[in-house]
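Q: Fold the following for me, if possible:
(4 chains)
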4 protein chains.
Amino acid sequence: MVQTLERPLEEILASIRDFVRTELQPLEAEFSKGGFKQLFPILEQKRQQVKALGLWAPFLPKEWGGLGLSLTRYARVSEELGHSTFGHFSFNCQAPDVGNMELLMHHGTSEQKERFLLPLTAGQIRSCFSMTEPEHAGSNPVHLSTTAAHDGDDYVINGHKWFTSAADGAAFAIVMAVTNPRAALPHERASQIIVPTDTPGFRLVRNISIMGDPGEDYFSHAEIRYEDCRVPVDNRIGGEGEGFRLAQERLGPGRIHHCMRWIGISERAFDLMCRRAAERQLSPGELLGSRQAIQHWIAESRAEIHASRLMVIDAAERIDREGARKARVDISMIKFYVAGVLQRVIDRAIQTHGALGITDDTPLSAMARHERAARIYDGPDEVHKAVVAREILKGYGVRIAI
Amino acid sequence: MVQTLERPLEEILASIRDFVRTELQPLEAEFSKGGFKQLFPILEQKRQQVKALGLWAPFLPKEWGGLGLSLTRYARVSEELGHSTFGHFSFNCQAPDVGNMELLMHHGTSEQKERFLLPLTAGQIRSCFSMTEPEHAGSNPVHLSTTAAHDGDDYVINGHKWFTSAADGAAFAIVMAVTNPRAALPHERASQIIVPTDTPGFRLVRNISIMGDPGEDYFSHAEIRYEDCRVPVDNRIGGEGEGFRLAQERLGPGRIHHCMRWIGISERAFDLMCRRAAERQLSPGELLGSRQAIQHWIAESRAEIHASRLMVIDAAERIDREGARKARVDISMIKFYVAGVLQRVIDRAIQTHGALGITDDTPLSAMARHERAARIYDGPDEVHKAVVAREILKGYGVRIAI
Amino acid sequence: MVQTLERPLEEILASIRDFVRTELQPLEAEFSKGGFKQLFPILEQKRQQVKALGLWAPFLPKEWGGLGLSLTRYARVSEELGHSTFGHFSFNCQAPDVGNMELLMHHGTSEQKERFLLPLTAGQIRSCFSMTEPEHAGSNPVHLSTTAAHDGDDYVINGHKWFTSAADGAAFAIVMAVTNPRAALPHERASQIIVPTDTPGFRLVRNISIMGDPGEDYFSHAEIRYEDCRVPVDNRIGGEGEGFRLAQERLGPGRIHHCMRWIGISERAFDLMCRRAAERQLSPGELLGSRQAIQHWIAESRAEIHASRLMVIDAAERIDREGARKARVDISMIKFYVAGVLQRVIDRAIQTHGALGITDDTPLSAMARHERAARIYDGPDEVHKAVVAREILKGYGVRIAI
Amino acid sequence: MVQTLERPLEEILASIRDFVRTELQPLEAEFSKGGFKQLFPILEQKRQQVKALGLWAPFLPKEWGGLGLSLTRYARVSEELGHSTFGHFSFNCQAPDVGNMELLMHHGTSEQKERFLLPLTAGQIRSCFSMTEPEHAGSNPVHLSTTAAHDGDDYVINGHKWFTSAADGAAFAIVMAVTNPRAALPHERASQIIVPTDTPGFRLVRNISIMGDPGEDYFSHAEIRYEDCRVPVDNRIGGEGEGFRLAQERLGPGRIHHCMRWIGISERAFDLMCRRAAERQLSPGELLGSRQAIQHWIAESRAEIHASRLMVIDAAERIDREGARKARVDISMIKFYVAGVLQRVIDRAIQTHGALGITDDTPLSAMARHERAARIYDGPDEVHKAVVAREILKGYGVRIAI
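A: Model prediction:
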């Protein structure tokens, strides 16, 4: 990685942009027919190329083999990677591995780092994060039914999770489970525990079919049952009852990553929309782009994407400067704002394409299907809006429940 | 069919409602996994049940084996059928067969009726309508490149079509092709010609994958090439150059059918949303429905669906009373209004379900994917809005181009 | 009134339409400069003309000198009257007098009818309704601080009211005051009491300036203090503690009146928008109406106004058929839906007019200012949406607080 | 002004913020009743205080008695001044004087500067800019009918203008008039000419009443007729036919000023909304802010205002760095985006206040009325959106008409 030491950000971005367009985007048509597993050997090659280009794991510190970018700088990278379905995966900064790596780096024991973090940073294994439960509102994560009971030096885990993304093929899960059911405060009851997926009692019930996509390997969201699943107490990350505190830590940066990825997707949809407006003829000599409805979509999309990027970068700078806690309002604000922009831009791009827009002949259909989740995961719009209002109204001397 | 003669509409609707819920909705989970072909034998049984109940082909005149309902009354039926993916198909009033039957009934020769209409009305064969071309904006259908050249007693057809829905498995297509390229007015150049799908030169290139669904049999949208495809001149429906005039005729009633089907879908999504609001707990004792955002979605959806139904029924009554031509504004108005309501209601229902909403565990995901097309087919929103404005501004003494 | 006995509704509507356009609309320019008082003598003449035409008080039963129209038929009249600022006033069916007349007709004693109702129906006096208090949320009217204490045969009223519309110049107010503070249910604590405005202790503090309009005479909204204001107990309308029950009664029909008036205003704004689109040239030969943005506003406005009318008429029919209580959801639904349409249509019409649209050279500016209140009075949008959701969710077996 | 030389921006902003809140906001209640003229003597005092504080004319170079701020830094000042109706006026940076001063500074002759610019910078006189004509679409300013014909050393001006803001009481107008009617390009036909308002033939027909406000003195928008109005050719600013080129120059910075002023207004409306949410009780102990609808308005408004500020500052930096021409898309983008945010935030703040929101007891009503113009003047939303689309589509190799 020596050669990247002094590379200016714009140069890194240009290399990534080029790689994404020439090496990754062409793979998407294949993927939409054959699925991830079939594509995997090629992606493995692409990952080697990325390493050779000195662009591997841009968010990781240099000592862990990455580019050591600040959050603000990595945000820009995440946008570029968002231009392909395989961007983050090929550069080894895909969720949820990216969050798991940060967690282990900051809170893992030496043994945990050796056994779980190292192969993750090298791209040799994948991992997942097992928190959401079907019986409880994801928007209120302190309600959990999964328990990890002490039994000698082990935890015995029982529970039911879903939306454990990328569990299919992962080497281990980090499970959020109640270890201290009698703690006074609800958010001091759970801990994060590493569970290798070959542990008896780890039962992947199914990959949940989402928006028509059955899911497979990395691109999947699993339903999992933990049935008397026994792991050593040493597999706990951080202290007992610290599960939520640690989970909070990952959310700020994680949302910056997502938002910038969404901006990358939005830019791609926007580009397709403009291209269509500039090429499609309504009648000989009369371009689609001559229509005011299309012009307005282009202008509104441009303004909204521009606003999104400025806000996310501003939030990232604040996190780098003051920490995620201080940037709470900023983070909630971008979460719902950018997710909304993403959905609208994709929808306008589809409408601009007419019948072609709903076919799988363009990437727009996949965007519409996969990214509908953006307004839901990591907290639905409604929760983030309420959080923003709650924090602002504190400044007016009142404390409202949300 | 004798027993249906005096049946009051509300009784018919109640029977259909019951049949849709108990016989058809349970089939959907199967369908989402296995596809149409696998399900076909069961659907064939359901069709027999429908016949036995005396509810077959509700829009067809009694002499053709139907219920002989007026458009206004059939509209109500179409809403009920919209509550299941298989509603219209099971009652033999699915697009595009319904439009083709009407066309043949009104404009077919005796031979055409005998050979093509009769088996359609009996549900023995299916058909398709081949008009849209990828190279031309569907919103301006008078631009067509497909030609049907005279050669003796035959037409020789050459051209490229797509979005020929349900072509896969159809017995024949009705093709819109230019027969009179030198006619003064562009909309007097094309004719409608019956092409059996086993005619040499009829080449189904592919079923176009749409919103992630590859399509199969009745649930498909084909790309087709007509390559020196030869059929007798006697296969033409109506006069030469009358293609657009006949096509216009089907659009008014067709849009009533679609709009009422969409209302049925909207009602189903609305019901799922309310059910979720009434059952999901955010925390013990605190229902999702206690949240004002959800309450507002319920209220706005209720108002918009109610408005939709009143407007569509009003338009249907006008068509029954004054003909489709006079109801032009009404038809364009419901086309864009109801399609918009449909998309919004489905989106709100998904958001109300949170993560569950994007899974394929509820019908909402399929609705979101399949019905995105509603704002595009049969004229995109933007064209219908322009048509409404053009017609209204005529009343102010000006003629605007759209 | 004999001559109106058999008049068909369409004929009545045509007469009113004509009168509104030729006699009333021309007065508005004057009004916008000089105010109501200055205009009053002319309006008095217009009222005489209306009587002479046999169109007086269309909602009143014939025995009270009106046309005896059902709510559904009167709704149509209210739309026509909405085409002028002075429509309802000139036909003696302006709020709040219309509601007060209905109240007295159904619940007044003979003496009350003789003294208060008769001159109201004749247009000799005006009245007001004094309910809202500045200290309490109007959306939750059971919270009231105004009290009426028994003292011998009198009530002694103390309290603070505002938005007592048309108090300036009214002969009497109907005041909602707490007479039974210890009643178990909050909505059984208040009564409605007639207070002549010349009663000592009735203090009209000011006409509240609203959206830049200081208000005057009938077109005003007063702040009032009741200071040891003494009236006979016989001035109570209905039983003690029945204040809210009686107030509820007027709301259903009252909202039909308002909604249809708003539709009249919307139609007028729509007409101005179309006129402008058809006349204004962007450059020689190029009409404003050729712009797609304008076309879309025309189409969306047309659809929304059409939907509004169908829904309000449908609700009125239901009230006529089943009573206001059963039509609760319908009434709340039209209240927020039509108020929203009204605001959007006016806003689009203004934008279509460009700079002219914000001047007082057209009626649009006054519409925008006066009708902003529509989304607030008689229950803000947010309350009506919550009511709709609450009623619907009852059907799902749950009772939510709003 | 020596003492301001080294003042850091944040300190300047803090002083202004304080002055606006303590000295200017309290004057508004008076103004809403009495009008500008009555208030003028007090405002004159305030201007002296501003000078004494060393904050006069922040946008002017120091040699002209100002603070010499860059556009980016002045933008921040403009936001602060936007918190009061009298902010810009009190600091002598009100439109249209601010634009006229910049014009004269850059393009005026020594005599013009001496006679017109100097007293403007000192706040001794006011001026106006006379461009828009009622007969032509303001969105397409190259269509002008006002002419300035050569007659010896004079121009003789004839024409009809309106929306000449602040003409009432101004010492001179800068008039846009056609001097070269036969120039090949339409935007090379007009020149800008100084016309003292006491010139014979300068006829101020009326102050146009706008949104209910008749207008007076500085707060007015005049209709003007130029009737054989004769001024020396030396009164022309810049070369003949350069009128539009010079007008273009002022638009970029002018829109930054406006947008930041709107953000100031939006912030004030937002603050009122939050205050209301934090203080108003729906029932004892239950705050308005506990309602999700209010929470969402707060969150959406916060996000939109934040986005607005980031975008405007970004555009200002670009203008400072690359000039207004290069920032064309940025300028059009903020013009429509921020105007839309302004209108929405004010509307939400009004709705949050309920009935109080439409009274003139809070500043919200005046905001709603005065700022409706924001989406219209300096180019309506629709034109700016089309400009953005046109510029973007140039990058796709096509040139669309708008």
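Q: would you list every one of the strands in the stretch 101-250 of chain A?
A: Secondary structure of the stretch 101-250 of chain A (DSSP state E, counting those that start in this stretch): strands located at A:127-130, A:147-151, A:154-165, A:172-178, A:190-196, A:202-207, A:221-232, A:236-237.
Q: Out of those strands, which is closest to residue A:325?
A: strand A:190-196 (19.0 Å; Cβ to Cβ). The C-beta positions use only the backbone N, C-alpha and C, and glycine is treated the same way.
Q: helices or strands up against the closest one?
A: strand A:154-165, strand A:172-178, strand A:221-232, strand A:236-237, helix A:243-279 (3 or more Cβ pairs under 8 Å, 6 or more residues apart in numbering or on different chains; DSSP states H and E).
Q: Mean neighbour count, the ones you listed: which tops it?
A: Most buried of these, by mean neighbour count (mean count of other Cβ atoms under 10 Å in any protein chain shown): strand A:172-178, with a mean of 26.
Q: what does the average pLDDT come to for it?
A: Computed over strand A:172-178, the mean pLDDT rounds to 98.
Q: what does it contact?
A: The contact list for strand A:172-178, computed with Cβ atoms under 8 Å, 6 or more residues apart in numbering or on different chains, reads A:100, A:103, A:116, A:125, A:127-131, A:141, A:144-148, A:155, A:157, A:159, A:161, A:164, A:167, A:189-197, A:202, A:224, A:226, A:237, A:243, A:247.
Q: Could you do stretch A:9-28 as well?
A: Residues contacting stretch A:9-28 (Cβ under 8 Å, 6+ apart): A:4, A:39, A:42-43, A:46, A:49-50, A:53, A:55, A:58, A:67, A:69, A:73, A:76-77, A:80-81, A:83-87, A:90-91, A:363, A:366.
Q: Walking through chain A, point out its helices one by one.
A: Taking DSSP state H to define them, one finds helices in chain A at A:9-19, A:28-34, A:36-52, A:71-81, A:87-90, A:97-107, A:110-112, A:118-121, A:243-279, A:292-322, A:328-353, A:355-358, A:364-371, A:381-394.
Q: Next one: residue A:34 from residue A:210, what distance?
A: 18 Å (Cβ to Cβ, to the nearest Å).
Q: of those two, who's got more company?
A: residue A:210 (22 against 11; other Cβ atoms under 10 Å in any protein chain shown).
Q: For residue A:99, list the residues it contacts.
A: Contacts of residue A:99 by Cβ under 8 Å, 6+ apart are A:129, A:250, A:253, A:254.
Q: how far away is the closest residue to the last one other than its chain neighbours from residue A:24?
A: In other words, residue A:254. Distances taken as Cβ to Cβ, 6 or more residues apart in numbering or on different chains put residue A:99 closest to residue A:254, at 5.4 Å, once the chain neighbours are dropped. Residue A:99 is 22 Å from residue A:24, where distance means Cβ to Cβ.
Q: Equivalent analysis for residue A:372, please.
A: From residue A:372 over to residue A:24 (counting by Cβ to Cβ), the distance is 23 Å.
Q: Can you turn the buried part of the contacts of stretch A:9-28 into a ChimeraX selection?
A: Here is the ChimeraX command that selects the buried residues among the contacts of stretch A:9-28 (16 or more other Cβ atoms under 10 Å in any protein chain shown):
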select /A:4,39,43,46,50,53,55,58,67,69,73,76,77,80,81,83,84,85,86,87,90,91,363,366
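Q: Distance check, residue A:36 against residue A:129.
A: Taken as Cβ to Cβ, the span from residue A:36 to residue A:129 is 19 Å.
Q: Look at those two and report which has more neighbours.
A: residue A:129 (25 against 19).
Q: Who does the more buried one form a beta bridge with?
A: When assigned by DSSP bridges, residue A:129 has beta-bridge partners residue A:174.
Q: Tell me how many other residues surround residue A:402.
A: Residue A:402: 17 neighbours (other Cβ under 10 Å).
Q: That one touches residue A:383, doesn't it?
A: Yes: at 7.3 Å, residue A:402 counts as touching residue A:383 under the criterion of Cβ atoms under 8 Å.
Q: How about the residue in the stretch 101-250 of chain A that chain C sits nearest to: what's its closest non-neighbour residue?
A: Evaluated by Cβ to the nearest Cβ, the stretch 101-250 of chain A has residue A:137 as its residue closest to chain C, separated by 16.2 Å. Leaving aside its chain neighbours, residue A:137 sits nearest to residue B:282 (4.9 Å; criterion: Cβ to Cβ, 6+ apart).
Q: what do you get for residue A:57?
A: residue A:66 (3.8 Å).
Q: pLDDT at the one you found, what is it?
A: On the pLDDT scale, residue A:66 gets 96.
Q: ditto for residue A:274
A: With respect to pLDDT, residue A:274 has a value of 98.
Q: Now do the contacts for the closest residue to it other than its chain neighbours.
A: Nearest non-adjacent residue to residue A:274, counting by Cβ to Cβ, 6+ apart: residue D:396, 5.4 Å away. Listed by Cβ under 8 Å, 6+ apart, the contact set of residue D:396 reads A:274, A:275, A:277, A:278, A:279.
Q: One more: residue A:334?
A: Per Cβ under 8 Å, 6+ apart, neighbours of residue A:334: A:255, A:256, A:259, A:308, A:311, A:312, A:315, D:303.
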